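[1] fold the stuff below for me.
(one chain, ligands or ions: 1)
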Amino acid sequence: MSAPNIETIVSLSKRRGFVFPASDIYGGLGSSWDYGPLGVELANNIKNSWWRWAVYERDDIEGLDSSIIQNRLVWKYSGHEDTFSDPLVDCRDCNARLRLDKLEIDPADGKATCSNCGSKNLTDPKDFNLMFRTTVGAASADDDPTALAYLRPETAQGIFINFKNVLDTSRRKLPFGIAQIGKAFRNEVTPGNFIFRTREFEQMEIEYFCRPEDAPRVHQEWLDSYDQWIQGLGISSSNLKHYEQTKEELAHYSERTVDILYRFFPEREDEEKQWDELMGIANRTDYDLRVHSKKPEDADGKRINPDSTEDLSYFDPQTNERFYPYIIEPSTGVNRTLLAVMMDAYEERTNDKGEVRVILRLKPELAPIKVAVLPLAKNKPEIVEMARKIKKELQPSMRAVYDDTGGIGKLYARQDEIGTPFCVTVDHESLEDNAVTVRDRDTWEQERVSVDALRPLLSERLN
Ligand code: ATP
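    So this is what the prediction gives:
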């Protein structure tokens with residue numbers, strides 16, 4: 001099935017409480033979004049699924065949660081102060097501010113054209129640094145440059161500067177990795193497309209340290225296992241593809257980067273333009289550990305860092321060698337993953353009354369609510385009481401809700417639309433036979449189950 005467009009998901013998100021425009025009552029704040037009751041559950045489930053897969057189900061990854069605000073020198077030596085910028089141009093005809101690297105080039109004259117009005121009357125490009133600035137302590141950065149700090153634009157650097165701490169305390173040997181989930185901030189020039197590109201977002205990153213000669217193989221292995229993980233979230237392989245960055249596109253630290261693209265824009269006529277980046281896997285070489293290392297006597301003269309107090313090289317006791325490990329970095333956005341998961345799960349189906357119903361076929365593991373307990377008649381106190389009791393019994397082992405705010409058909413439809421895998425209905429007969437009806441979201445089939453067997457049955461199906 002082809003995915004719906006982003007607008008469909010925006011409308012479902014707002015209608016049902018997945019994602020709301022941020023600061024809405026004050027007119028909003030460009031491309032900022034708040035995650036509502038269902039959105040926060042879905043995002044947490046994606047993060048938990050990733051953490052389980054990346055950290056618990058492997059033997060070679062440790063977790064970390066580093067600061068959002070670090071010493072400014074981190075960003076000086078990482079290269080972000082100098083190079084983390086987009087080339088900006090202004091259109092002299094319509095005043096749009098644009099990223100030069102995203103504009104179409106007219107092959108006839110090699111000139112960039114404004115994506116807003118088609119004009120070629122553009123200013124010369126200026127580099128615009130994407131890091132958000134802030135100040136630490138009571139002094140303002142204008143008075144005191146030592147107070148200047150940045151909100152991190154990626155979680156990765158927090159991992160590199162903790163390489164030695166984790167290595168020493170966990171007594172690891174190469175190869176091993178460090179995983180982190182956290183917010184990142186980029187003052188994007190052209191944010192948009194809902195939660196696809198925002199100025200505040202969340203990343204799930206692994207920095208995997210290995211011997212230089214192993215890096216190409218390890219890179220490929222991560223690529224293969226990410227394909228598996230993404231498809232395990234329920235995203236169809238026909239909506240995924242790889243993109244190998246060209247030499248010109250590679251970041252200065254990267255030897256090879258492969259992006260995994262998702263079909264975020266299926267409505268676009270040009271097939272090429274339907275795809276955009278879901279995540280990237282880079283071979284960052286030994287760049288990061290080198291640049292953060294104190295090594296005034298650096299033998300190969302590659303980089304001298306007079307500010308760091310540590311050498312982040314690695315000593316291999318088996319070969320008696322000291323070297324800087326290579327780093328393979330799979331980096332993915334929580335928000336883009338959530339968007340892809342919702343797009344891929346979205347289905348419209350016509351029921352036997354000819355009404356179109358939305359079904360969000362989320363993997364049970366990701367569904368914000370696992371089971372809804374519904375009384376068939378809310379004016380019958382015994383039925384209500386029994387339904388509430390069943391909900392209470394289920395809630396320690398699964399996210400359960402009780403709902404009596406409509407007729408049963410409407411209640412089922414509401415749960416289908418938010419991806420709840422199971423509905424449990426308590427009816428008049430339940431009072432007699434201590435059994436309930438379990439309805440399946442995907443097949444709409446119903447079966448009678450005794451209340452005593454309910455929890456084990458649901459737990460088994462949810463797992
Ligand atoms: P793009 O080319 O789309 O700007 P990028 O290549 O700069 O992305 P990376 O620096 O590789 O992105 O960041 C890793 C991941 O973080 C991306 O694949 C994406 O999932 C997520 N990400 C990056 N920037 C944003 C953003 N502004 N909003 C939401 N997610 C983002």
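[2] from here on, contacts and neighbour counts on C-alpha atoms
    OK.
[3] now the end-to-end length of stretch 377-386.
    Chord length of stretch 377-386, first to last residue, is 11 Å (Cα to Cα, to the nearest Å).
[4] can you list the buried residues in it?
    377-378, 382-384, 386 (16 or more other Cα atoms under 10 Å).
[5] show me these that map onto helices.
    382-384, 386 (DSSP state H).
[6] closest one of those to the ligand?
    When those are compared for distance to the ligand (Cα to the nearest ligand atom), Val384 wins out at 43.5 Å.
[7] quick one: contacts of the strand or helix carrying Asp288?
    Element membership of Asp288 [criterion: DSSP states H and E] is helix 287-291. With Cα atoms under 8 Å, 6 or more residues apart in numbering as the test, helix 287-291 has contacts from 77-78, 160-161, 253, 303-305, 312-313, 324-326.
[8] how about the residues of the stretch 301-450 of the chain that lie near the ligand?
    331-333, 336 (Cα under 6 Å from any ligand atom).
[9] which ones among those residues lie within helices?
    Arg336.
[10] now the residues of the stretch 301-450 of the chain next to the ligand as TSV including distance to Asn48?
    Compiled in TSV, these are given as follows (distance: Cα to Cα, whole Å):
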residue	distance to Asn48
Ser331	16
Thr332	14
Gly333	14
Arg336	16
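[11] and the residues of the stretch 301-450 of the chain next to the ligand as CSV, adding distance to Ser236 and neighbour count?
    Shown next, in CSV, are those (distance: Cα to Cα, whole Å; neighbours: other Cα atoms under 10 Å):
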residue, distance to Ser236, neighbour count
Ser331, 20, 22
Thr332, 17, 22
Gly333, 18, 23
Arg336, 15, 22
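[12] kindly indicate which of the residues of the stretch 301-450 of the chain next to the ligand lies nearest the ligand.
    Once Cα to the nearest ligand atom is applied, the member of those that ends up nearest the ligand is Gly333, at 3.3 Å.
[13] quick one, what contacts the closest one?
    201-204, 278-279.
[14] which among those are in contact with the ligand?
    201, 203, 278-279.
[15] and of these, the nearest to the ligand?
    Distances from the ligand to the ones next to the ligand among the contacts of Gly333, taken by Cα to the nearest ligand atom, are shortest for Met279, at 3.2 Å.
[16] only alpha carbons, please: show the longest helix along the chain as CSV.
    Using DSSP H, we find that the single longest helix of the chain is helix 215-232. Output in CSV follows, covering the C-alpha atoms of helix 215-232 (Å, rounded to 0.1, in the frame of the first residue of the first chain):
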residue,chain,number,x,y,z
ALA,A,215,35.7,0.1,9.7
PRO,A,216,34.4,-0.6,6.2
ARG,A,217,33.1,-4.0,7.2
VAL,A,218,31.5,-2.7,10.5
HIS,A,219,29.9,0.2,8.5
GLN,A,220,28.2,-2.3,6.2
GLU,A,221,27.1,-4.5,9.1
TRP,A,222,25.4,-1.5,10.8
LEU,A,223,23.7,-0.6,7.5
ASP,A,224,22.3,-4.1,7.2
SER,A,225,21.1,-4.3,10.8
TYR,A,226,19.4,-0.9,10.6
ASP,A,227,17.5,-2.1,7.6
GLN,A,228,16.2,-4.9,9.8
TRP,A,229,15.4,-2.6,12.7
ILE,A,230,13.5,-0.1,10.6
GLN,A,231,11.5,-2.8,8.9
GLY,A,232,10.9,-4.3,12.4
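[17] low pLDDT regions in the chain?
    1-3, 139-142, 296-303 (pLDDT under 70).
[18] now do the helices in it.
    Under DSSP H, the chain gives helices at 6-16, 37-51, 72-77, 80-83, 156-160, 163-170, 215-232, 287-291, 334-345, 381-394, 408-418, 428-433, 451-462.
[19] can I get those helices in CSV including distance to Asp93?
    Listed next are the helices of the chain as CSV, based on distance: least, Cα to Cα, whole Å:
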stretch, distance to Asp93
helix 6-16, 29
helix 37-51, 40
helix 72-77, 36
helix 80-83, 29
helix 156-160, 40
helix 163-170, 50
helix 215-232, 43
helix 287-291, 43
helix 334-345, 33
helix 381-394, 61
helix 408-418, 45
helix 428-433, 70
helix 451-462, 57
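[20] about what we covered before: want to throw the buried residues of stretch 377-386 into CSV with distance to Pro396?
    What follows is these, written out as CSV (distance: Cα to Cα, whole Å):
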residue, distance to Pro396
Ala377, 25
Lys378, 24
Glu382, 23
Ile383, 21
Val384, 20
Met386, 17
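[21] residue closest to the middle of this structure?
    Nearest to the mean C-alpha position of the chain, by Cα atoms, centre = their mean, lies Val334 at 1.3 Å.
[22] was I right about that one contacting Thr198?
    No - Val334 is beyond contact range of Thr198, at 11.8 Å (criterion: Cα atoms under 8 Å).
[23] pull the contacting residues for the spatially closest residue to Ile69 that is not a sequence neighbour.
    Spatial nearest neighbour of Ile69, chain neighbours left out: Leu151 (5.4 Å); criterion: Cα to Cα, 6 or more residues apart in numbering. Leu151 makes contacts with 68-70, 131-134, 184-185, as judged by Cα under 8 Å, 6+ apart.
[24] ok, the residues you listed vs Ser49, which is closest?
    For the contacts of Leu151, the residue nearest Ser49 by Cα to Cα is Ala184; the value is 20.0 Å.
[25] give me the number of residues near the closest one?
    By the criterion of other Cα atoms under 10 Å, Ala184 has 19 neighbours.
[26] over to the one 3 residues further on?
    The criterion is other Cα under 10 Å. On that basis, Asn187 has 17 neighbouring residues.
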